[in-house]
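Enquirer: Sequence and predicted model, in that order:
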Amino acid sequence: MPLMSGEVNRVLGGGIVPGSLVLLAGDPGIGKSTLLLQLAAEVAKEHSCVFYVTGEESVSQVKMRADRLGIDGQNLYILTQTNVEDTLARLDEHLPALAVIDSIQTMYDPSLSSHPGNVSQIRECARRLLEWGKANNVPLILTGHVTKGGDIAGPRVLEHMVDVSLYMEGDAVSSWRLLRGVKNRFGSTNEVGVLEMTGSGLLDVSDPSESFLLDRPKGAMGSVVVPVLEGNRALLVEIQALTAPSTIPTPRRVATGYDAHRLLLVCSVAMRTCGMPLADYDVIVNVTGGLKIAEPAADLGVALAIASSFRSVPMPGDFAAVGEVGLSGEIRRAPQTERRVKEAARLGFRKCLVPGNTDDRACGPEALHYQRVDTLAQAINMCLPITRRISEAVA
Ligand code: TYD
Ligand code: MG
């Protein structure tokens with residue numbers, strides 16, 4: 001069953017496979033129920049019966065959400081149920097084209113003495129649903145909450161059982177949502193879909209790089225664009241940094257969306273190999289749009305953003321950077337440089353800083369002027385000449 005949302009299709013590996021068991025995990029409030037209600041409604045347009053089983057909300061709450069999403073609900077049946085046996089009995093009776101179970105943590109099997117949400121309950125309920133789905137060739141989608149600590153006590157125990165496991169990620173303060181495939185028996189796991197939470201549900205983001213950079217002030221101090229890899233995709237994201245004299249004895253290094261240890265590393269390397277006296281400065285780094293960057297390939301961009309803020313020299317607006325910063329100040333190669341540079345060129349970037357040992361083929365399109373750098377000091381001095389500091393510094 002291919003879906004209208006290209007982004008959801010992408011992570012599912014082309015659509016919903018009959019008889020498959022899909023797990024959608026994510027933080028509470030991230031948008032799982034919203035996405036699945038939209039999905040269920042879409043399937044219900046083509047089929048006479050789709051089930052949305054919820055143990056989380058009342059019928060009126062689901063109805064209110066459906067109204068907000070503009071879903072008329074023909075062929076879409078809401079069942080508020082937490083007993084897995086009763087749920088299966090109803091599924092048996094109606095044989096829907098698709099059933100959503102929101103959430104697996106609220107389901108319980110009355111023959112077990114443990115509480116709903118308990119690992120043995122989650123496993124047993126999922127096992128029974130799986131068995132039923134396979135026997136009747138009906139696809140099932142389960143939601144699971146990620147627990148506070150980040151480990152998914154619930155969903156993770158199901159990963160070996162399900163055919164497809166997806167994670168919905170995002171930041172509470174931003175509207176971007178990433179749908180990440182972590183397991184897929186029918187397609188690549190390296191896929192990431194980008195969606196936006198709007199007033200009327202989740203929408204596909206057709207050009208994520210363009211959307212992520214929409215609010216970017218061009219030529220601002222402390223702002224650098226980095227092409228990062230999310231799954232098989234290169235996405236352009238803006239990294240912002242601010243350095244300010246610290247008011248406390250131990251200056252702060254605060255990172256949002258970037259690894260705190262890598263920030264410490266980048267600051268230390270900048271101090272030791274570039275003579276940047278950050279010891280008395282707070283350093284704040286933010287990846288805009290609420291995205292989280294896990295790869296070291298963003299190091300060079302982070303370092304340049306910090307240096308730009310510290311030297312009060314803006315970076316050129318049509319400039320991107322990619323490379324990992326090593327402990328001795330060397331710029332190390334980033335995987336798939338070619339894909340990243342191409343994405344930057346596509347979005348109209350004219351210059352890209354790349355690691356010194358990047359081969360010519362990787363540098364791709366001619367419209368983009370790439371500049372190889374071997375060390376962080378070289379990169380900083382090239383992009384942010386210190387002689388401009390006095391004339392351009394803000395007093
Ligand atoms: P929800 O789907 O309930 O999250 P989950 O099931 O993962 O817990 O999403 C709830 C949030 O989404 C809530 O903060 C309201 C917001 N939202 C929108 O912004 N637009 C919408 O159209 C809908 C339905 C929800
Ligand atoms: Mg929910």
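Expert: Happy to help now that I have it. Ligands and ions are numbered 1, 2, ... in the order given.
Enquirer: Output stretch 103-119 as CSV - backbone C-alpha positions only.
Expert: Extracted in CSV, the C-alpha atoms of stretch 103-119 (Å, rounded to 0.1, in the frame of the first residue of the first chain):
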residue,chain,number,x,y,z
SER,A,103,0.1,2.3,22.2
ILE,A,104,1.6,-1.1,22.8
GLN,A,105,2.4,0.1,26.4
THR,A,106,-1.3,0.5,27.3
MET,A,107,-2.2,-3.0,26.0
TYR,A,108,-2.5,-5.9,28.4
ASP,A,109,-3.1,-9.6,28.3
PRO,A,110,-5.5,-10.6,31.1
SER,A,111,-3.9,-14.0,31.5
LEU,A,112,-0.7,-12.3,32.8
SER,A,113,-0.6,-11.0,36.3
SER,A,114,1.8,-8.1,35.5
HIS,A,115,0.7,-4.5,34.8
PRO,A,116,0.3,-3.0,31.4
GLY,A,117,3.6,-1.4,30.2
ASN,A,118,5.5,-4.2,31.9
VAL,A,119,8.1,-5.8,29.6
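Enquirer: Residue 227 reaches residue 345, doesn't it?
Expert: No - with contacts counted by Cβ atoms under 8 Å, residue 227 stays clear of residue 345, the gap being 9.8 Å. Glycine gets a C-beta too; all of them are placed from N, C-alpha and C.
Enquirer: more neighbours, these two?
Expert: residue 227 (28 against 21; other Cβ atoms under 10 Å).
Enquirer: What's the separation between the spatially closest residue to the more buried one that is not a sequence neighbour and residue 305?
Expert: Nearest-residue entry for residue 227: residue 340, 3.5 Å, with adjacent residues in sequence omitted and distances by Cβ to Cβ, 6 or more residues apart in numbering. Distance from residue 340 to residue 305, counting by Cβ to Cβ, to the nearest Å: 17 Å.
Enquirer: Likewise for residue 210?
Expert: Distance from residue 210 to residue 305, counting by Cβ to Cβ: 20 Å.
Enquirer: Those two: which is more packed in?
Expert: Neighbour count, other Cβ under 10 Å: between residue 210 and residue 305, residue 305 has more, with 30 against 13.
Enquirer: SS state for that one?
Expert: Under DSSP: H, G, I helix; E, B strand; the rest coil, the three-state class of residue 305 is helix.
Enquirer: do the same with residue 210
Expert: The three-state assignment at residue 210 reads helix, by three-state DSSP.
Enquirer: For it, which residues are in contact?
Expert: residue 347 (Cβ atoms under 8 Å, 6 or more residues apart in numbering).
Enquirer: One more pass at 10 Å, please.
Expert: The neighbours of residue 210, taking Cβ atoms under 10 Å, 6 or more residues apart in numbering as the test, are 236, 346-348.
Enquirer: who's the residue of the stretch 101-250 of the chain at minimum distance from ligand 1 bridged to?
Expert: In the stretch 101-250 of the chain, no residue comes nearer to ligand 1 than residue 201, which is 4.2 Å away by Cβ to the nearest ligand atom. With DSSP bridges as the criterion, residue 201 is bridged to residue 198.
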